[in-house]
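based on what follows, work out the 3D shape:
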Amino acid sequence: MSASSVNRRRILSLWLPRLPIDRIQRFFNSAGLGKTNNEPSIVVIKENNALVIHALDEAAERLGLYIGQPLANARAMCPDLRVFDADVAADAKTLSDIADWCDRFTPLVALDPPHGLFLDITGCAHLFGGEAALLQALVRALGRQGFAVSAAIAGTSVCARTLTRQATGTIVADGEEARAISRFPVSALGAGEAITTGLRRAGLKTIGDVTARSPSEITARFGARFSTLLAHALGQGDAPINPRKPLPDYIVEKRFAEPIATDTMIAMTLSRLADTLIASMEKQGKGARRLEAAFFRTDGVVRAIMVETGRPVTQSKVIDRLFRERLDALADPLDPGFGFDMVRLSASRTEIVVQEQRDLDAHVHDNDELAALIDRIAARIGGKRVVVHLPEDTHIPECAVLAAPAQHHLAAAMQAEWPARTESEPPLRPLRLFDKPEPIKVPFAAVPDGPPHQFTWRRALHAVVRVEGPERIAMEWWRQDGKQLTRDYFRIEDAEGLRFWIFRDGLYEGEVFDGDGEPASPGWYVHGLFA
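Presented below is the predicted three-dimensional model:
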């Protein structure tokens, strides 16, 4: 066998022709409301202001019904027809769940909407006993889950997809794609109704008839896109599939002949997988920054749990601790059902580990402990909820601080330089700054830039006894398109000793106008509270 043929891709195409009706039937079965075999059922969808058949079961197909048939005609042929409305979103969710389950065979799974999948099984079929055994195992497993499945394997995705519609179960050897599909009708290519009709009118009824013509003639008549599609179907190159998930850097997994369901077995399995994963990464000097544990149930349900770390992890005990925290904090507990028959641990993001002197540097130990604490808290409540604050180069108060995930910005936060406070001087900014300034009522204030003598905030009247200001802050016109007004800030103390940071939004007779274009009174707001 040549090297080129060894490196050629192998694509397994899955097609679930009755996915919408199978999904509904699975729901009825789970609720104990199954139907008898003599009850034909269909799913309808609205097209061109008319209800047409979107999917149908075997009983309806035996009656001569077909996809695209108007509902009125179908009811005339079968008055006892059971009709369900299409739910495209639910169908897409089901297809996505099936794709998650197919990850057990290969991490390269792509959607082929509306009811199909592509699996790149290059180099992994031998793990399941060969391509034939893999295809049969996949079809049987999905069949047990209640889905009608058509599958085929070829060297290109277009050829494999064509075979699933015409000759399910076919496995085409590399280089035999043209011979395998030559007898099929041109509609099997899925090129669209207009091109299919044009081919038939030209007397080209099968794919073999089309390939007998010169490529230039086909391109001139039907366009370059169709010529490319035809070439891919014949095995002459292929466009890469688009996997749903990026390929992880490292993957380890454990399969079970007897499914596991206890917390002890799950924890032991994760611990062993962590040891194996760390050993694999250690050989290349890598550490994990993002880890994912996937649990595959026997009924097809897949549950995935992800944890992230602030620094590359090089110890399996750290992985164990993070996943224990994550599992204990799940709002929706990990339900094993009838058990997990496979557990996978993958590192989707890794980094080169830089060796540091850690024995004599106390600061390094403190930083490691802080990073480990942040990782544990993030695993329990979510990484986005554990933040550090970084200074921003802007004079706008609400934008002067940026809240960033602590796991990814801890080092930057520790090295950040904040404006120093002048000794023996009161703070220029309040200890508590509101997310949004709250409006206050000011009956009168000195014009043009004086403070108020009193104001009402949260239905309480505050008499002003001391004032510092104003501090004028103009908005960033190059970013705001002139929509933000100039602010005059005041540090206010009332008769009760409470200190406020308030501002007037806009300048008198310069920025604030009413509906008639006449100058109007600016608004007043409280932006924060001093200690």
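
only C-alpha atoms for contact and neighbour calcs from this point on.
Will do.

quick one: low-confidence ranges for the stretch 1-150 of the chain?
Low-confidence regions of the stretch 1-150 of the chain, defined by pLDDT under 70, span residues 1-7, 32-38.

swap in 50 and give it another go.
1-6 (pLDDT under 50).

those strands in it, which residues are they?
11-15, 41-47, 50-56, 82-85, 109-112, 116-120, 150-154 (DSSP state E, counting those that start in this stretch).

so which of those gets nearest residue 416?
strand 109-112 (43.1 Å; Cα to Cα).

name the strands paired with that closest one and say parallel or antiparallel.
Using DSSP bridges, strand 109-112 pairs in its sheet with strand 116-120 (antiparallel).

ok and the strand it pairs with relative to strand 11-15, angle-wise?
160 degrees (axes from the mean of the first three to the mean of the last three Cα atoms, to 10 degrees).

give me the mean pLDDT for the helix or strand hosting residue 287.
Residue 287 belongs to strand 286-297 when assigned by DSSP states H and E. For strand 286-297, the mean per-residue pLDDT is 93.

and the next helix or strand past it?
Strand 286-297 is succeeded, C-terminally, by strand 302-313 (DSSP H and E).

C-alpha coordinates for that next one, PDB please?
Provided in PDB are the C-alpha atoms of strand 302-313 (Å, rounded to 0.1, in the frame of the first residue of the first chain):
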ATOM      1  CA  VAL A 302     -23.100  12.400  27.500                       C
ATOM      2  CA  ARG A 303     -22.200  14.700  30.400                       C
ATOM      3  CA  ALA A 304     -19.100  16.900  30.100                       C
ATOM      4  CA  ILE A 305     -17.500  18.800  33.000                       C
ATOM      5  CA  MET A 306     -14.700  21.400  32.400                       C
ATOM      6  CA  VAL A 307     -12.300  23.000  34.800                       C
ATOM      7  CA  GLU A 308      -9.700  25.700  34.100                       C
ATOM      8  CA  THR A 309      -6.500  26.600  35.900                       C
ATOM      9  CA  GLY A 310      -4.500  29.800  36.300                       C
ATOM     10  CA  ARG A 311      -1.200  28.000  35.900                       C
ATOM     11  CA  PRO A 312      -0.200  24.800  34.000                       C
ATOM     12  CA  VAL A 313      -1.100  21.800  36.100                       C
END
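
just checking: what are the partner strands of that strand?
When DSSP bridges is applied, strand 302-313 pairs with strand 286-297 (antiparallel).

can you give the contact residues for the strand it pairs with?
Identification of contacts with strand 286-297 by Cα atoms under 8 Å, 6 or more residues apart in numbering yields 101, 104, 278, 281, 302-314, 336-353.

so who does residue 51 touch?
44-45, 70-71.

most neighbours of all those, which one?
residue 44 (25 neighbours; other Cα atoms under 10 Å).

now it: how far from residue 115?
16 Å (Cα to Cα, to the nearest Å).

equivalent analysis for residue 339, please.
Distance, residue 339 to residue 115, using Cα to Cα: 28 Å.

cool, and residue 201?
Counting by Cα to Cα, the gap from residue 201 to residue 115 is 30 Å.

and the two? Which one has more around it.
residue 115 (18 against 10).

compute the number of surrounding residues for the nearest residue to the more buried one once chain neighbours are set aside.
In space, and not counting its chain neighbours, residue 115 is closest to residue 16: 5.4 Å by Cα to Cα, 6 or more residues apart in numbering. Neighbours of residue 16 under the rule other Cα under 10 Å: 19.

separation between residue 16 and residue 462?
From residue 16 to residue 462 the distance is 70 Å (Cα to Cα).

list the contacts for the residue nearest to residue 58 when sequence neighbours are not counted?
Nearest non-adjacent residue to residue 58, counting by Cα to Cα, 6+ apart: residue 40, 7.5 Å away. By Cα under 8 Å, 6+ apart, the residues touching residue 40 are 56-60, 80-82.

can you say which of the residues you listed are buried?
Neighbour counting with 16 or more other Cα atoms under 10 Å marks 56-60, 81 as buried within these.

including distance to residue 140, could those go into a markdown table?
Converted to a markdown table, the buried ones among the contacts of residue 40 look like this (distance: Cα to Cα, whole Å):
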| residue | distance to residue 140 |
| --- | --- |
| 56 | 21 |
| 57 | 19 |
| 58 | 18 |
| 59 | 21 |
| 60 | 23 |
| 81 | 29 |
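
mind picking the one among the residues you listed that's closest to residue 404?
residue 56 (51.1 Å).

my read is that the closest one contacts residue 43, right?
Yes: here residue 56 lies in contact with residue 43, judged by Cα atoms under 8 Å, at a distance of 6.2 Å.

shared neighbours of these two, which are they?
residue 21.

farthest-separated two in the contacts of residue 40?
Largest pairwise distance in those, by Cα to Cα, is 15.0 Å, between 58 and 80.

strands along the stretch 251-400 of the chain, start to end?
Going by DSSP E, counting those that start in this stretch, the stretch 251-400 of the chain shows strands at 286-297, 302-313, 340-352, 387-391.

contacts for the second one, please.
With Cα under 8 Å, 6+ apart as the test, strand 302-313 has contacts from 97, 100-101, 286-296, 319, 322-323, 326, 334, 350-353, 371-372, 374-375, 378-379, 383, 406-408, 410.

6 Å instead?
287-296, 375, 379, 407-408 (Cα atoms under 6 Å, 6 or more residues apart in numbering).

make JSON lines from those and add neighbour count and distance to residue 158 to it.
Formatted as JSON lines, the entries for those read as follows, by neighbours: other Cα atoms under 10 Å; distance: Cα to Cα, whole Å:
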{"residue": "287", "neighbour count": "23", "distance to residue 158": "39"}
{"residue": "288", "neighbour count": "27", "distance to residue 158": "37"}
{"residue": "289", "neighbour count": "20", "distance to residue 158": "37"}
{"residue": "290", "neighbour count": "20", "distance to residue 158": "34"}
{"residue": "291", "neighbour count": "24", "distance to residue 158": "34"}
{"residue": "292", "neighbour count": "19", "distance to residue 158": "32"}
{"residue": "293", "neighbour count": "21", "distance to residue 158": "33"}
{"residue": "294", "neighbour count": "20", "distance to residue 158": "30"}
{"residue": "295", "neighbour count": "25", "distance to residue 158": "31"}
{"residue": "296", "neighbour count": "25", "distance to residue 158": "29"}
{"residue": "375", "neighbour count": "25", "distance to residue 158": "45"}
{"residue": "379", "neighbour count": "26", "distance to residue 158": "42"}
{"residue": "407", "neighbour count": "22", "distance to residue 158": "43"}
{"residue": "408", "neighbour count": "18", "distance to residue 158": "42"}
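
can you put those in JSON lines and add distance to residue 432?
Shown next, in JSON lines, are the contacts of strand 302-313 (distance: Cα to Cα, whole Å):
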{"residue": "287", "distance to residue 432": "40"}
{"residue": "288", "distance to residue 432": "38"}
{"residue": "289", "distance to residue 432": "34"}
{"residue": "290", "distance to residue 432": "35"}
{"residue": "291", "distance to residue 432": "37"}
{"residue": "292", "distance to residue 432": "39"}
{"residue": "293", "distance to residue 432": "41"}
{"residue": "294", "distance to residue 432": "43"}
{"residue": "295", "distance to residue 432": "45"}
{"residue": "296", "distance to residue 432": "48"}
{"residue": "375", "distance to residue 432": "28"}
{"residue": "379", "distance to residue 432": "29"}
{"residue": "407", "distance to residue 432": "25"}
{"residue": "408", "distance to residue 432": "26"}
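
for these, which one is nearest residue 486?
residue 408 (35.4 Å).

so that closest one sits in a helix?
Yes: secondary structure of residue 408 (DSSP: H, G, I helix; E, B strand; the rest coil): part of a helix.

and the closest residue to residue 461 other than its chain neighbours, what are its bridge partners?
For residue 461, ignoring the flanking residues on the chain, the nearest one in space by Cα to Cα, 6+ apart is residue 455 at 5.9 Å. Beta-bridge partners recorded for residue 455 (DSSP bridges): residue 462.
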